[in-house]
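Trainee: here is my input; please provide its structure:
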Amino acid sequence: MKKFTILSVLVLFMAGLASAATNVGEYIPSPAPLDNGGPDAFGYSWVDNDNGGGPTYSWIDITGNGVEVTGLADDNNVGPFPLGFDFPYYWYTVNHLWIGSNAYISFSSSANFAHPFSGIPYASQPNDLVAVLGADLDYTRGGTCFYYTNNVDTFIVSWIDVPQFSNDHSLDDSTHTIQLILSAADSTLKFQYGENHGNFSEGGNLADVIGMENVNGQVGLEYLHNNLPANHMWHEGLAIEFHPEPDPDFEVLDFGILDGFHDGSGADFIGNNEPYTIRSLAKNFGNQPIDNVEVRCQIRRGFTTVYNQTITLAHLEAGEEIWVSFDTLFTPTIVSTYRATFSAIMSGDQNPNNNTKICELDSYVLPQELRYCDDVGETGRSWSGDFSGFGLEYAIPEAIVLNSASFHVFAVTTAGPAYFWILPDVGGHPDEDNPLAGDTLQVTADGWYDVDFSWANLNFAANEKFYLVAIHAFENTFQFSMDQTAPLSFRGWEYTGGLAPDRDREVSDVMFKISADVSTGVVDNNVVPKSFSVAQNYPNPFNAMTNISFVIDHESDVNISIYNVVGQMVTDLSGHFQAGNNIVTWDASKNASGVYFYRVNIGDKSETLKMVLLK
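Mentor: Alright, predicted model coming up:
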């Protein structure tokens, strides 16, 4: 879906990189290619079947033996899906991916890739991007998607008969069929184009891209951007093959920060005077081992530094990532917003774009208004389509009752209705089918709009995730306010026919807030358990850390054991727990990728569930 309000875009410049070859499969060139390009700095080149030679177009129908991808909408992605094997990609290997509605995949990011579609490579998320036809497609108007893996060396994704987005449905017959084939045998990526109608330039909405890039968006190869060059326009029967012939002298030295606090770099609420463990996910993005690198965390309240700690990492292998826990706990002493800056420090680092991550901590004492934004909206956003808007996720470290919720309007064009919902979480995603509460109100002017939810008895357990979602019923009636002053929460969602992580998470916070108090303990939404039960771990699949939730109806000792796929116990998380909802975290950073089982046992009751660790 096209943005209605144009926001400023951070222009990031590529750093000059040089690196050592990775172990990729042997590539055998197709006969007499006449249309080719590249290589990029690493050694990827492309060749197509136009003008004679090149790869053979051979569509593979996977609708009968593949898995249908559900949950795709307008501007979102689903996953991760395991490849079933290790695929050599640039100087590292990948084994899972996210599938996007706009005909793209990413090997490492669930960030949304949507209009306007940047050129490739581009340092902003999502990286590890493969844009087969990155363009404004809309699954809410039709189309299907399937993936297939032989679990040995081949993975296929097919986007089939997907309409282009259009405000008035005038382009619903402009459909596109595209296929991606990953082959580990020779490390190639093959793009194939079936029947396609429309070229994404209708109505002045031109924006599309075809190409691929690496894990930090510094190296990549572009085939087409915004329908240029003209002789690269996709058409039925076109096949493009990307293949690596690594430059043996190519060397990458790149140490950076992936996340702060936890996966997704979301802001955290912390009780005032409550100690908090500071953590950061650091990664060696390069293809060379590195020694004696530093991770620093500095926390400020306004201009006052209240925490400053540095950890030295003795050694990281190429591609290795690690959660760093700082030795000193942080304890806020004033109810305020704190800015945490994580820094990766390495001599000779060739890519400064991923060296810092700024995150947010908000201390509180209940009852209190809880929000990630300030009172100043620097800009407004809306969508060129009816029934669209934004969401924001919350997770409070103690049990609360939500009394009211609010959203801020930046500007009004025409008075119109807004829908406001409180949604529960299901598997790390808003459960749109089971709202906990909602209301409809008329938006007539800018400012805060408050909705009383005290009638709904919305009690949430400690660290239970929930979502605020606000929708404008009709296109362009009003704009939602955006706070663009750091620190940011990275917890925003967008609704364009379905909820997905907001494409602008890294530059703005939607201005929502709640009024909360200590939980009453009187619950209608199953927060207080009536029996013993165990939830699926979240996230799952996961990288390094995951949370295991269970509920018990009385205070008790609980045995929690984790086993590998051959039945060997790898860790014990047992302990004494209070009645209610409990969460334990498993740090699997030292464990190998694979399938694990966790068994939760209390007295004569036990439950066992499966989880997948992906690194």
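Trainee: can we go C-alpha only for contacts and neighbour counts from here?
Mentor: OK.
Trainee: how about the most centrally placed residue in the chain: what's its closest non-neighbour residue?
Mentor: Geometric centre of the chain, nearest residue: Ser110, 2.7 Å, by C-alpha atoms, centre = their mean. What sits nearest to Ser110 in space, not counting adjacent residues and going by C-alpha to C-alpha, 6 or more residues apart in numbering, is Trp98, at 6.3 Å.
Trainee: my read: Tyr92 touches Gln288, true?
Mentor: No. Look at Tyr92 against Gln288 with C-alpha atoms under 8 Å: they stay out of range, at 10.9 Å.
Trainee: ok, the particular helix or strand that has Leu468 in it: who's next to it in the sheet?
Mentor: In this structure, Leu468 sits in strand 465-472 according to DSSP states H and E. If you go by DSSP bridges, strand 465-472 pairs up with strand 388-395 (antiparallel), strand 416-426 (antiparallel).
Trainee: so what's the residue nearest to Ser110 scoring on pLDDT?
Mentor: We have a pLDDT of 95 for Trp98.
Trainee: contact partners of the helix or strand containing it?
Mentor: If you go by DSSP H and E, Trp98 is part of strand 92-100. With C-alpha atoms under 8 Å, 6 or more residues apart in numbering as the test, strand 92-100 has contacts from 22, 72, 75-88, 105-110, 112-113, 287, 319, 614.
Trainee: can I get the buried part of those as one ChimeraX selection?
Mentor: Of the contacts of strand 92-100, the buried ones can be selected in ChimeraX as follows, counting by 16 or more other C-alpha atoms under 10 Å:
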select :22,72,75,76,77,78,79,80,82,83,85,86,87,88,105,106,107,108,109,110,112,113,287,319,614
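Trainee: partner residues bridging Thr440?
Mentor: Beta-bridge partners of Thr440, counted by DSSP bridges, are Tyr419.
Trainee: can you pull the contacts of it?
Mentor: Counted by C-alpha under 8 Å, 6+ apart, Thr440 has contacts Pro417, Ala418, Tyr419, Phe420.
Trainee: neighbour-wise, which one of these leads?
Mentor: Phe420 (23 neighbours; other C-alpha atoms under 10 Å).
Trainee: show me what contacts the closest residue to it other than its chain neighbours?
Mentor: Counting by C-alpha to C-alpha, 6+ apart, Phe420 lies nearest to Ala470, which is 4.5 Å off, once chain neighbours are set aside. Residues near Ala470 by C-alpha under 8 Å, 6+ apart: Gly389, Phe390, Gly391, Phe407, Ala418, Tyr419, Phe420, Trp421.
Trainee: give me the distance from the strand holding Trp98 to the chain's centre.
Mentor: Taking C-alpha atoms, centre = their mean, to the nearest Å, one finds the center of strand 92-100 at 13 Å from the center of the full chain.
Trainee: circling back to that earlier point, CSV for the contacts of Thr440, including pLDDT and distance to Phe577?
Mentor: As requested, the contacts of Thr440 are exported to CSV (pLDDT from 0 to 100; distance: C-alpha to C-alpha, whole Å):
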residue, pLDDT, distance to Phe577
Pro417, 87, 46
Ala418, 89, 42
Tyr419, 87, 39
Phe420, 91, 36
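Trainee: take the residues you listed and write them to a markdown table, including distance to Leu189.
Mentor: Shown next, in a markdown table, are those (distance: C-alpha to C-alpha, whole Å):
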| residue | distance to Leu189 |
| --- | --- |
| Pro417 | 47 |
| Ala418 | 44 |
| Tyr419 | 43 |
| Phe420 | 43 |
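Trainee: hmm, back to that, bridging residues for the residue nearest to Phe420?
Mentor: Phe390, Phe420.
Trainee: count the residues that sit near the residue nearest to Ser110.
Mentor: Trp98: 19 surrounding residues under other C-alpha under 10 Å.
Trainee: again with Gly567
Mentor: Residues near Gly567, counting by other C-alpha under 10 Å, number 10.
Trainee: ok so, going back, from the contacts of Ala470, which two are the most distant?
Mentor: Longest distance between any two of those is 13.0 Å, between Gly391 and Ala418; criterion C-alpha to C-alpha.
Trainee: run a quick neighbour tally on Asp138.
Mentor: Neighbours of Asp138 under the rule other C-alpha under 10 Å: 25.
Trainee: correct me, but it touches Ser101?
Mentor: Yes. With contact defined as C-alpha under 8 Å, Asp138 counts as touching Ser101 (7.1 Å).
Trainee: what do these two both touch?
Mentor: Ala73, Asp74, Asp75.
Trainee: any idea how far the second one is from Asp136?
Mentor: Taken as C-alpha to C-alpha, to the nearest Å, the spacing of Asp74 relative to Asp136 amounts to 8 Å.
Trainee: which residues in the stretch 1-150 of the chain form strands?
Mentor: Counting by DSSP state E, counting those that start in this stretch, the stretch 1-150 of the chain has strands at residues 36-37, 44-48, 67-68, 77-89, 92-100, 104-106, 129-135, 144-149.
Trainee: now those strands as CSV including distance to Asn231?
Mentor: As requested, those are exported to CSV (distance: least, C-alpha to C-alpha, whole Å):
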stretch, distance to Asn231
strand 36-37, 12
strand 44-48, 11
strand 67-68, 33
strand 77-89, 27
strand 92-100, 26
strand 104-106, 22
strand 129-135, 16
strand 144-149, 28
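Trainee: between these, which one is nearest to Val443?
Mentor: Among these, if distance is taken as C-alpha to C-alpha, the winner is strand 77-89, at 30.7 Å.
Trainee: so what secondary structure elements neighbour that closest one?
Mentor: Under the contact criterion of 3 or more C-alpha pairs under 8 Å, 6 or more residues apart in numbering; DSSP states H and E, strand 77-89 touches strand 92-100.
Trainee: direction included, what does the strand it packs on pair against?
Mentor: Applying DSSP bridges, strand 92-100 is found paired with strand 77-89 (antiparallel), strand 104-106 (antiparallel).
Trainee: mean neighbour count, the strands paired with strand 465-472: which tops it?
Mentor: Highest mean neighbour count among the strands paired with strand 465-472 (mean count of other C-alpha atoms under 10 Å): strand 388-395, with a mean of 24.
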